[in-house]
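>>> Please find the sequence and the predicted model below.
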Amino acid sequence: MTLVQDLDNHQIDYFVALALGKRPELENKACYVDGKVFDPHKNWSIGGPIVDAQENLAFDKRDPKNYNASNKTICRSWYTRNKGMGDFSDCLMYGSTYLKAVMRTIVCGKLGNEVELP
């Protein structure tokens, strides 16, 4: 098992596709969905609509361990499991860009903090 925080590039893309209910394929260190490159970790034309569709996301441009650092983006999400019950999962992920942070957060929120690499 691999921590979602440790996923990078095409791995992030693969698990985002799974989290969105798509059928991804990995080939030559790239992720494909329906025969097209799927790279939401770096491509705003693909990643932007995914970000827009999410609820309960919060961003910060600091590292919580070093509030003076500005080289990481923090993305946090919370997903209610049982409406009205107050039961929620909380995902706090980091990334060198906003897209990497939010894509990791989506994977964590939908698939858990650990995933099995294909």
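On my side now, so go ahead. Numbers count the residues shown, from 1 in each chain.

>>> Torsion angles phi and psi at L3?
Torsion angles at L3 (phi, psi; degrees, to the nearest 10) stand at phi -70, psi 140.

>>> Next up, the contacts around it.
Applying Cβ atoms under 8 Å, 6 or more residues apart in numbering, we find L3 in contact with N113, E114. Using the backbone N, CA and C atoms, a C-beta is placed for each residue, glycine as well.

>>> hmm, 6 Å instead?
Remark: with contacts taken as Cβ atoms under 6 Å, 6 or more residues apart in numbering, L3 is in contact with E114.

>>> Next, find the distance separating it from N28.
As defined by Cβ to Cβ, to the nearest Å, L3 lies at a distance of 24 Å from N28.

>>> With A17 instead?
Separation of A17 from N28 (Cβ to Cβ): 16 Å.

>>> which of the two has more neighbours?
With other Cβ atoms under 10 Å as the criterion, A17 and N28 differ in neighbour count, and A17 comes out ahead with 20 against 6.
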